[in-house]
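Visitor: With the sequence up front, the predicted model follows.
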Amino acid sequence: MNPADPVTHVPASTAGGTATACISPVSWLAAAATAAVIVWFYGFEPRFGPSNTASSLGWLLSSWNAESDYEHGKLIPFIILGLILYRFKELRASLSEGSLWGLLFVLIGCLFHIAGYRTLQPRISVGGLPFIVWGAVWFLWGWRTAKLALFPLFFLWIAIPLPAFQQATTQLQLIATAMAHHGSGLFGVETYTQGTTVLPVKGDWKPLSIAHGCSGIRSLMALLMISAAWAYVARITLWKRVLLFLSAIPLAIIGNALRVISIFIIAEHGYADWAAGTWHDWSGLLLFYPFSLMMLLAINIAFEGGLPWRAAKRRQLRRVTVSAAPQETPTSQP
């Protein structure tokens, strides 16, 4: 290069080969308009509920209760925010020129809302919200950003109460009853069952019924939420993430059975009232979740070949490359 030639300075943002896109004011105005439309139609437009006076999101908030077994839904918005913050640097670095393909998914979400609005089905309306937001992200900031935002935005689907899961409560009650009955026998507590009621053979404690709340449906839904977020942040391949997520189903059933068995064991040893009261209310927090989370961690360790935080350090070390020193070129002899 001739020293007299002008030097062209490369911006720091493009030095690594990827540039952070500059977001135009038009994009921000479009994003603000999209947000305003969503807030109005989903937050203020009354259409759903017993008296057709609740909005889509208003119905969703009211449905996060014990009757629907979706009390965990109150945590979903915070988890979505946490997942976005977890990938925030990647999201910011991936901003690029938008694509018209995003409008297709915005249209699909709008059709979902229209169908739910016309049929008075708030589940359908809320189910279209992730399509609208994700399509808007793709339209405004490109495919790379939309790809990173896909899971956090559609995580909202886990918060939508589905009647199918409530219908599974009866089957879960029967499974919990059978596992509690046979499991108690392994610890020397002899019982027999009548429907979903477990009675002692020798003990003097009152019969205990595996009611709706003891079926494990609430624990199952909460653990599915946890395992889904866990699988997303885990540094493993896709099929392993799917297995990690699905493992919540057997773990919830086993963990709930252990919780119920512990109640019978305590009752057999003369503390029936305490077992049916205090321990029943606290055993989920003190027994079910520690067991389930430890098992999820064990599955993650098996998939990663070690503790997740140590595996991450090993991956970081593998990325460090050491370049060999340049060999000296032999000088020619005169």
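Guide: In hand now; what should we look at?

Visitor: From here on, just use CA atoms for contacts and neighbour counts.
Guide: Fine.

Visitor: can you give me the strands for the protein?
Guide: Under the criterion DSSP state E, the chain contains strands at 191-194, 197-200, 208-209.

Visitor: Can you name the residues in contact with the last one?
Guide: What that stands for is strand 208-209. Strand 208-209 is contacted by residues 196, 197, 198, 199, 276 when judged by C-alpha atoms under 8 Å, 6 or more residues apart in numbering.

Visitor: Identify the residues contacting the last one.
Guide: Neighbouring residues of residue 276 by C-alpha under 8 Å, 6+ apart: 208, 263, 267.

Visitor: rerun at 10 Å
Guide: Residue 276 sits next to 205, 206, 208, 260, 263, 264, 266, 267 when contact means C-alpha atoms under 10 Å, 6 or more residues apart in numbering.

Visitor: and of these, the nearest to residue 229?
Guide: Within the contacts of residue 276, the smallest distance to residue 229 is 27.0 Å, found for residue 260 (C-alpha to C-alpha).

Visitor: Tell me how many other residues surround the closest one.
Guide: 29 (other C-alpha atoms under 10 Å).

Visitor: quick one on the thing from earlier: lowest mean pLDDT across the strands of the chain, which one is that?
Guide: Averaged per stretch, pLDDT over those is lowest on strand 208-209, reaching a mean of 80.

Visitor: Tell me the gap between that one and the middle of its chain.
Guide: Here the centre of strand 208-209 is set off from its chain's centre by 32 Å, with C-alpha atoms, centre = their mean, to the nearest Å.

Visitor: what does stretch 196-206 give?
Guide: Between the centre of stretch 196-206 and the centre of its chain there are 39 Å (C-alpha atoms, centre = their mean).

Visitor: circling back to that earlier point, filter the contacts of residue 276 down to the buried ones.
Guide: Neighbour counting over these (16 or more other C-alpha atoms under 10 Å) leaves 205, 208, 260, 263, 264, 266, 267 as the buried ones.

Visitor: Give me the spatial nearest neighbour of the fifth one, chain neighbours excluded.
Guide: To tie it back to what came earlier, the one meant is residue 264. residue 184 (6.9 Å; C-alpha to C-alpha, 6 or more residues apart in numbering).

Visitor: quick one: contacts for residue 251?
Guide: By C-alpha under 10 Å, 6+ apart, residue 251 lies in contact with 219, 220, 223, 224, 257, 288, 289, 291, 292, 293, 295, 296.

Visitor: Could you do residue 63 as well?
Guide: Contacts of residue 63 (C-alpha under 10 Å, 6+ apart): 49, 57, 69, 70, 71, 73, 74, 159, 160, 161.

Visitor: Make JSON lines from those residues and add neighbour count, pLDDT and distance to residue 234 to it.
Guide: Putting the contacts of residue 63 into JSON lines (neighbours: other C-alpha atoms under 10 Å; pLDDT from 0 to 100; distance: C-alpha to C-alpha, whole Å) gives the following:
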{"residue": "49", "neighbour count": "18", "pLDDT": "83", "distance to residue 234": "38"}
{"residue": "57", "neighbour count": "21", "pLDDT": "92", "distance to residue 234": "30"}
{"residue": "69", "neighbour count": "24", "pLDDT": "78", "distance to residue 234": "27"}
{"residue": "70", "neighbour count": "22", "pLDDT": "85", "distance to residue 234": "25"}
{"residue": "71", "neighbour count": "18", "pLDDT": "85", "distance to residue 234": "25"}
{"residue": "73", "neighbour count": "23", "pLDDT": "88", "distance to residue 234": "22"}
{"residue": "74", "neighbour count": "15", "pLDDT": "90", "distance to residue 234": "23"}
{"residue": "159", "neighbour count": "25", "pLDDT": "89", "distance to residue 234": "21"}
{"residue": "160", "neighbour count": "19", "pLDDT": "90", "distance to residue 234": "24"}
{"residue": "161", "neighbour count": "20", "pLDDT": "87", "distance to residue 234": "26"}
